[in-house]
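Chemist: got a structure for you, letters missing:
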């Protein structure tokens, strides 16, 4: 900590450089990278640890059926390029024959139903099934898991790529059409150019029916309960009995349809478009779906479009990078078990859970003492906090991979079996209780994910490590860094993002109009504060754009500080490296946000991101009285903010 500071800088004038000055002077952005910071360093360290674990599993010769065998053999098979090349396109033969046999709308509906399943990282690169599914509790029925259906079926990134009338949009579609033709040719399809034109036209039709992003982001518009028996009337054209029978969902009574227009539009296209066009569409997407485990000619063509044409990337990533992603996608929790065994001990989890308990106590007190909420709203907030569940490190119940057969040398078969495994797994979850919730992030992936429905949040073992969290380290630093980060995420359950989900994760707005008015009135001071942050003369932060994240930053900081004080149990903290516990708390907070980035990256962040640059997140301390006391900041200091102008909604 102290070695990265520049104590020649007065903390009240430039706290970011006081806390990080030496690091900023001695660190350089690696070549080819636009930004580099603490999070980047942690991600790189964790990635290397995971790679080492997977490589070790691949060479361990572990017993058949063990986690190490499944992890290692999946990885080794993905890397077996010679074996993949030798197999050519033959692994697709059975599925290609099934597509060729589609001779009726009922058969087409049945085939499409068989493609319904979750799309796991490493197994699919795009939303290439006409519908996707996610199994989770309902927005209103919190007692049961339901299939959430959403629109899909597009090979390009989004709806706008198909409908953009600009020359750039037309150019991208032309490249995509050429890509379709190449893929169809590789699949042995004749007259590929003409068929690619018709496949693109079908996808344009699908895209036209899709809800735009602005509508898809409105959760109230996603809450569309449909009975299984209503699909035929609501979305005519598809043979829904055949579809759901093939999907294994004939016995499922209730569904949630996120974008009804997409379901209606695709069902209509099943009825109106020639079967021959659908067969070519399915052939193309079958190859796309399994491109990563098909010969190099396919993978090169995939990169030519999805890498070079779409993103400007010039060099295909190393095969090993894709192999790790594939393993994490297929058997991520198996890798997670290997990871936590070595890098996240039960003692580390206990230490993190103790910190979370302090954060919960501190947040409850902040809610109880809040002045912007009405009494009735405060009761609902307290109930939500009491019911809030936080997962730390890794799941209490792991996915059981016993029924997943991984065979060394069969990359394609492993991918297919993994998909079938998750399809059966998700179908089983429809008959199981909502809790325990399946984790949305693998333990070895640094991150935290909030699930508003249900009322649940997880922080992975990958994020709970130095420099963010050290189970053997200083409490002040842990609370100032990881504690503030966890409290930040918790706060989103009680801000404008989370105020539409109640204590059980049901979709219901629990703020009153008066609450909202007081909230925004208080937030005006923070907007004004951030509007004044200008890293360049012609580029200033937009306070309204970053408001939600900035409120969460302040909230996370004050709640974490309260929790840190609670952890001391009335005893004074030690002075370490010339810093008091209070000072270490705030320095750790600032060091968590240090980052070097190019001017272009900073300008892009200011223009598009809802998160302000790290330097200005560090300046959040200006709103916390304890910071003023810890560093004896006075009115003569640059960062001083008059008490009445400081933001403090909690």
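Modeler: Looks like it arrived, so ask away. Worth saying up front: this structure is predicted, and the values here are computed from it rather than measured.
Chemist: show me what the spatially most central residue of the chain bridges to in the sheet.
Modeler: Geometric centre of the chain, nearest residue: residue 449, 7.0 Å, by C-alpha atoms, centre = their mean. Taking DSSP bridges as the rule, residue 449 bridges to residue 458.
Chemist: any idea of the pLDDT on it?
Modeler: The model reports residue 449 with a pLDDT of 93.
Chemist: what of residue 124?
Modeler: 36.
Chemist: please shift the residue numbers so they start at 2 in all later answers.
Modeler: Got it, the first residue is 2 from now on, which makes the last one we talked about residue 125.
Chemist: residue 282 belongs to a helix?
Modeler: Yes - per DSSP: H, G, I helix; E, B strand; the rest coil, residue 282 lies within a helix segment.
Chemist: list the contacts for the closest residue to it other than its chain neighbours?
Modeler: Leaving aside its chain neighbours, residue 282 sits nearest to residue 200 (4.9 Å; criterion: C-beta to C-beta, 6 or more residues apart in numbering). Heads up, the C-betas are built off the backbone N, CA and C, glycines and all. Listed by C-beta atoms under 8 Å, 6 or more residues apart in numbering, the contact set of residue 200 reads 181, 185, 278, 281-282, 285.
Chemist: mind putting those in CSV, neighbour count and distance to residue 537 included?
Modeler: Shown next, in CSV, are those (neighbours: other C-beta atoms under 10 Å; distance: C-beta to C-beta, whole Å):
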residue, neighbour count, distance to residue 537
181, 27, 43
185, 22, 49
278, 16, 52
281, 24, 51
282, 26, 48
285, 25, 46
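Chemist: of the residues you listed, closest to residue 31?
Modeler: Distance to residue 31, by C-beta to C-beta, is smallest for residue 181 among these, at 36.8 Å.
Chemist: same for the helix or strand hosting residue 563, what does it pack against?
Modeler: In this assignment (DSSP states H and E), residue 563 forms part of helix 548-569. Secondary-structure packing of helix 548-569 (3 or more C-beta pairs under 8 Å, 6 or more residues apart in numbering; DSSP states H and E): helix 347-369, helix 476-479, helix 485-492, helix 514-532, helix 582-593.
Chemist: and that helix with helix 347-369, angle?
Modeler: 110 degrees (axes from the mean of the first three to the mean of the last three C-alpha atoms, to 10 degrees).
Chemist: list the buried ones in helix 548-569?
Modeler: By neighbour count with 16 or more other C-beta atoms under 10 Å, helix 548-569 contains the buried residues 548-568.
Chemist: just the strands from this structure, written as ranges.
Modeler: 36-38, 132-138, 146-152, 226-228, 255-258, 390-394, 449-452, 457-461, 596-598 (DSSP state E).
Chemist: most tightly packed of these?
Modeler: Highest mean neighbour count among the strands of the chain (mean count of other C-beta atoms under 10 Å): strand 457-461, with a mean of 24.
Chemist: for it, packing partners?
Modeler: For strand 457-461, the packing partners by 3+ C-beta pairs under 8 Å, 6+ apart come out as strand 390-394, strand 449-452, helix 485-492.
Chemist: please redo it, this time with the cut-off set to 10 Å
Modeler: Under the contact definition 3 or more C-beta pairs under 10 Å, 6 or more residues apart in numbering; DSSP states H and E, strand 457-461 sits against helix 320-344, helix 347-369, strand 390-394, strand 449-452, helix 485-492.
Chemist: got a markdown table for those, with distance to residue 262 too?
Modeler: Shown next, in a markdown table, are the helices and strands packed on strand 457-461 (distance: least, C-beta to C-beta, whole Å):
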| stretch | distance to residue 262 |
| --- | --- |
| helix 320-344 | 30 |
| helix 347-369 | 39 |
| strand 390-394 | 34 |
| strand 449-452 | 26 |
| helix 485-492 | 32 |
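Chemist: now, of these, which is deepest in the fold?
Modeler: Buried most deeply of those, by mean count of other C-beta under 10 Å, is helix 485-492, with a mean of 25.
Chemist: show me the shaky parts of this structure.
Modeler: The chain contains residues with pLDDT under 70 at 120-129, 217.
Chemist: how does it look with 80?
Modeler: Under the criterion pLDDT under 80, the flagged ranges of the chain are 119-129, 214-218.
Chemist: so residue 530 touches residue 617, yeah?
Modeler: Yes - the criterion here is C-beta atoms under 10 Å, and residue 530 meets it with residue 617 at 9.1 Å.
Chemist: report the set of residues contacting both of these two.
Modeler: Residues touching both residue 530 and residue 617 (C-beta atoms under 10 Å, 6 or more residues apart in numbering) are 542, 551.
Chemist: ok, now how distant is the residue nearest to residue 282 from residue 419?
Modeler: 27 Å (C-beta to C-beta, to the nearest Å).
Chemist: buried stuff in stretch 530-542?
Modeler: 530-531, 534, 536, 542.
Chemist: which of these sits closest to residue 144?
Modeler: Closest to residue 144, out of all of those and judged by C-beta to C-beta, is residue 531, at 42.1 Å.
Chemist: quick one, what contacts that closest one?
Modeler: Contacts of residue 531 (C-beta under 10 Å, 6+ apart): 541-548, 551, 613, 617, 620-621, 648.
Chemist: now swap in residue 633 and tell me
Modeler: Applying C-beta under 10 Å, 6+ apart, we find residue 633 in contact with 12-13.
Chemist: rewinding a little: give me the angle between the helix holding residue 563 and helix 514-532.
Modeler: Using the same axes, to 10 degrees: helix 548-569 against helix 514-532 is 90 degrees.
Chemist: centre of the chain to helix 548-569, how far?
Modeler: Offset of helix 548-569 from its chain centre (C-alpha atoms, centre = their mean, to the nearest Å): 23 Å.
Chemist: what ranges does the stretch 2-151 of the chain have for its helices?
Modeler: Secondary structure of the stretch 2-151 of the chain (DSSP state H, counting those that start in this stretch): helices at 16-27, 39-60, 68-80, 82-88, 94-101, 106-115.
Chemist: distance between the ends of stretch 569-583?
Modeler: By C-alpha to C-alpha, to the nearest Å, the extent of stretch 569-583 from end to end equals 11 Å.
Chemist: buried ones in that stretch?
Modeler: Buried residues in stretch 569-583 (16+ other C-beta under 10 Å): 574, 580, 582-583.
Chemist: out of the residues you listed, which one sits closest to residue 36?
Modeler: Nearest to residue 36 among these, with distances taken as C-beta to C-beta, is residue 580, at 27.9 Å.
Chemist: list the contacts of the closest one.
Modeler: Contacts of residue 580 by C-beta under 10 Å, 6+ apart are 2-3, 6, 8, 475, 477-478, 574, 586-589, 631.
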